[in-house]
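Asker: can you look at this prediction? I've put the sequence above it.
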Amino acid sequence: MKPATAEDILDLMDAGYISAAVGAAMELGLFWLLDEHPMKTQGVADRFEIPTRRCQYWLQLLERVGLIEEGFSGYTLSATARSAVLDVYGRESWALLAKETRERLPAVQNLPRDLGRPGSVWGDREGAPPDYVSAMSNSLESARRFTRMLYEIHRPLADALGRFLDTRGVDRMMDLGGGSGVVSMALLGRNPNLSAVVVDIANVCEAGREIARENSMAERVTYHAAEFRSDELPAEFDMVLECDVNVYSEELFRKVRRAMNPGGRFVIVDQFAPEPGVAPPSRIHWALEGSMEKPDYRFPTAMEVQTHLKSTGFKNISLRSFSVDVEPVTRFSEDLTVIEATS
Ligand SMILES: C[S@@+](CC[C@H](N)C(=O)[O-])C[C@H]1O[C@@H](n2cnc3c(N)ncnc32)[C@H](O)[C@@H]1O
């Protein structure tokens with residue numbers, strides 16, 4: 001969204017209102033309601049228990065950005081809402097994406113005051129959203145929602161990786177921080193000899209098992225509950241995959257090496273910083289928000305990860321950029337790099 005005129009700049013400054021209105025439509029399920037049948041303002045107001053005039057303004061904003069249209073029988077979905085919202089992800093995924101944005105936005109809502117703050121914008125963390133891994137550790141329901149959402153949004157990435165990664169000769173792989181196991185399932189779909197062990201926190205494993213059962217993959221993808229920073233990892237793997245996990249310490253890499261068979265492959269897939277202290281293009285907003293909590297917040301570069309691999313004894317380190325050619329192409333599938341190394 002690059003503004004070109006003064007009116008564009010004014011729109012940009014007011015974009016917070018649009019973002020809030022669209023997020024509410026996602027969280028409350030408005031688009032899915034209007035997909036069932038057109039509704040007039042009063043019907044929407046009654047359905048969500050919103051004062052009528054307030055509801056009118058909310059709907060008008062959504063109409064202004066082209067997501068709904070007003071016709072004779074009431075508001076309906078626009079073609080854009082259908083193709084860019086309903087046809088892309090399910091209602092639960094959109095609702096969770098909107099909720100996460102809403103919970104994190106307070107970090108950047110008073111930047112003139114907070115940019116210069118020495119510590120965390122959240123102060124004593126009162127009101128701060130918990131980090132997503134702790135939230136999932138504390139609640140099976142959170143783990144289910146997040147894991148299902150990520151299963152859906154990572155399907156295109158998983159399918160593309162399934163074609164990109166050569167798993168010939170690999171019989172047993174570990175999917176470290178594997179979540180639903182979506183990438184493992186894509187790899188298994190192309191290699192009938194392969195089985196996978198997803199290592200993740202207990203609640204995510206529970207959620208992943210349900211997804212594997214629904215995909216008739218439960219025999220070939222199993223789930224091992226572990227906190228990989230503090231627990232030991234299972235062993236004897238021909239390949240370890242770490243996709244979109246963003247934990248690259250030497251301590252973890254040493255554990256990974258111990259978990260591998262001689263000559264085994266370690267494959268890392270992520271969006272890395274182009275330079276130290278610069279955010280990956282698709283994660284700039286997360287970087288800013290993260291820095292409002294931890295001023296030195298940063299994403300690692302691929303070079304830093306390679307250095308850790310070298311110091312922990314990995315060999316034949318290679319790096320390839322990777323693009324997802326499966327629709328829908330979104331920020332979750334841009335700017336990816338695949339780093340490979342052998343034990
Ligand atoms: C962004 S998700 C990626 C999931 C999966 N690899 C994928 O590409 O769909 C990161 C996963 O790493 C797991 N994770 C993060 N830190 C962890 C830790 N310390 N121990 C175990 N799992 C962890 C999270 O629970 C989450 O499922």
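Answerer: Nice, I can see it. Numbering: from 1, shown residues only.
Asker: name the nearest residue to Lys310, ignoring sequence neighbours.
Answerer: Counting by Cβ to Cβ, 6 or more residues apart in numbering, Lys310 lies nearest to Ile317, which is 6.6 Å off, once chain neighbours are set aside. In short, each C-beta sits where N, CA and C put it, glycine included.
Asker: what secondary structure does that neighbour sit in?
Answerer: Secondary structure, DSSP: H, G, I helix; E, B strand; the rest coil: Ile317 is strand.
Asker: give the contact list for it.
Answerer: Residues near Ile317 by Cβ atoms under 8 Å, 6 or more residues apart in numbering: Gln306, Leu309, Lys310, Ile339, Glu340, Ala341.
Asker: show me the shaky parts of this structure.
Answerer: Within the chain, the segments meeting pLDDT under 70 span 124-127.
Asker: hmm, what's the outermost residue in it?
Answerer: Computed with Cα atoms, centre = their mean, the maximum C-alpha offset from the centroid of the chain is found at Phe72, amounting to 39.2 Å.
Asker: that older thread, what's the closest of the contacts of Ile317 to Phe228?
Answerer: Among the contacts of Ile317, Leu309 lies closest to Phe228 (Cβ to Cβ), at 16.5 Å.
Asker: what's the burial count for that closest one?
Answerer: 24 (other Cβ atoms under 10 Å).
Asker: grab the nearest non-local neighbour of it.
Answerer: Closest residue to Leu309 apart from its sequence neighbours, by Cβ to Cβ, 6+ apart: Ala341 at 4.8 Å.
Asker: name the SS class of the one you found, please.
Answerer: Put simply, Ala341 is strand when judged by three-state DSSP.
Asker: roughly how far does it sit from Gly313?
Answerer: Separation of Ala341 from Gly313 (Cβ to Cβ, to the nearest Å) stands at 10 Å.
Asker: tell me the contacts of the most centrally placed residue in the chain?
Answerer: In the chain, the residue lying closest to the centroid (Cα atoms, centre = their mean) is Leu150, at 5.7 Å. Contact partners of Leu150, counting by Cβ under 8 Å, 6+ apart, are Gly179, Ser180, Val182.
Asker: gap between it and the ligand?
Answerer: From Leu150 across to the ligand, the span is 5 Å (Cβ to the nearest ligand atom, to the nearest Å).
Asker: return the helix or strand harbouring that residue as CSV; C-alpha atoms alone will do.
Answerer: Per DSSP states H and E, Leu150 falls inside helix 140-153. Extracted in CSV, the C-alpha atoms of helix 140-153 (Å, rounded to 0.1, in the frame of the first residue of the first chain):
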residue,chain,number,x,y,z
LEU,A,140,-5.6,-26.9,24.7
GLU,A,141,-8.3,-24.8,23.0
SER,A,142,-5.7,-22.1,22.0
ALA,A,143,-3.4,-24.8,20.7
ARG,A,144,-6.2,-26.3,18.6
ARG,A,145,-7.2,-22.9,17.1
PHE,A,146,-3.6,-21.8,16.3
THR,A,147,-2.6,-25.2,15.0
ARG,A,148,-5.6,-25.5,12.8
MET,A,149,-5.1,-22.0,11.5
LEU,A,150,-1.5,-22.6,10.7
TYR,A,151,-2.3,-26.0,9.1
GLU,A,152,-4.6,-24.0,6.7
ILE,A,153,-2.3,-21.1,6.0
